[in-house]
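>>> build me a model:
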Amino acid sequence: MFKKFFVLGATALTIIVTNTLAADVSRVRLMVPVQATDGSKYESGQTEPDSVSASGYNLQYVHSSGVGVGYTSSTFERKFSSSTEEWKDATFVDLSYTFGGEMTGQIAVGMLTGVGSTTSGSSSYPVSESSGSAFDITGGYDFGGFEALLGYRSETVKIKLEANPNLTYDVSRTLIKAGLGFTF
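Predicted coordinates for the structure are as follows:
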C-alpha cells in the first residue's frame with residue numbers, strides 16, 4: 001500500500017515540477033518486450049521455472065503537453081522441466097507523462113483491464129478473476145521525426161481460475177522493452 005502511495009506521490013510531484021519541461025511535440029510510440037523476469041513469489045517447496053519469456057506490445061499516444069495514454073497487451077510464458085505455462089493476453093490501460101525534448105523521460109502507471117486464458121501443457125483454463133497494476137519508466141532519444149526507446153516495466157498480476165477459484169496465482173513479471181516512436 002505504501003509503495004502505491006509513494007509511486008502516485010512521486011508521479012504527481014514529477015508532473016508538477018516538470019510541467020515546464022514537457023515535450024513540445026506529439027508522439028506515437030510502439031514498444032515490445034525484449035527480456036522478461038519472473039516476479040512471482042515462490043515459497044519453499046514450490047518449483048521455480050527454468051526459463052521465462054514474454055511477448056506482446058505497448059502502443060502509446062503522447063500529446064505535446066506531455067500527457068499520454070497507452071494500451072499494453074502481454075503474454076507471459078514459464079517453462080519448467082516437465083511442462084510449460086502460458087498466461088495469455090494481460091491487457092493494461094496506461095497513463096503517462098513525458099518530459100524533455102531531444103532526450104525524453106517517461107513515467108507511466110497502468111491498470112489491468114483483463115486477462116485471457118491460461119494454458120498448461122495441452123489444457124486451457126479460463127480465468128474467473130484478475131487484478132493488477134503496472135509501473136513503467138522509459139527513456140528516448142529523438143533523431144528528428146523518429147525516436148529510439150528503451151524502458152523498464154513492472155507488472156503485478158494476480159489471477160484466479162474457474163477450475164480452482166480458491167487459489168490465487170501470481171503471474172507478476174518485469175520486462176525490459178525496446179521500440180520506436182514517431183514525432184509530429
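>>> wait, isn't F99 in contact with G66?
Yes: using Cβ atoms under 8 Å, F99 is in contact with G66, at 5.7 Å. Any C-beta I mention is one placed from the backbone N, CA and C, and that applies to glycine too.
>>> I'd like the distance between S81 and D50.
Distance from S81 to D50, counting by Cβ to Cβ, to the nearest Å: 6 Å.
>>> which parts of this protein are strands?
Along the chain, counting by DSSP state E, strands occupy 27-38, 51-62, 67-79, 84-100, 103-114, 118-120, 123-125, 127-142, 146-161, 164-170, 173-183.
>>> packing partners of the longest one?
Helices and strands touching strand 84-100, by 3 or more Cβ pairs under 8 Å, 6 or more residues apart in numbering; DSSP states H and E, are helix 2-17, strand 51-62, strand 67-79, strand 103-114, strand 118-120, strand 127-142, strand 146-161.
>>> packing partners for the shortest one?
Counting contacts by 3+ Cβ pairs under 8 Å, 6+ apart, strand 118-120 is packed against strand 84-100, strand 123-125.
>>> go again using 6 Å as the cut-off
With contacts taken as 3 or more Cβ pairs under 6 Å, 6 or more residues apart in numbering; DSSP states H and E, strand 118-120 sits against strand 84-100.
>>> average model confidence for the strand it packs on?
Mean pLDDT, strand 84-100: 93.
>>> list the buried ones in that strand?
85-88, 90-92, 94, 96-100 (16 or more other Cβ atoms under 10 Å).
>>> pLDDT below threshold where in the chain?
Confidence mapping of the chain against pLDDT under 70 gives the ranges 1-23.
>>> need the outlier residue of it, farthest from its centre.
Residue farthest from the centre of the chain, counting by Cα atoms, centre = their mean, is G45 at 28.9 Å.
>>> what's near enough to touch it?
The contact partners of G45, by Cβ atoms under 6 Å, 6 or more residues apart in numbering, come to none.
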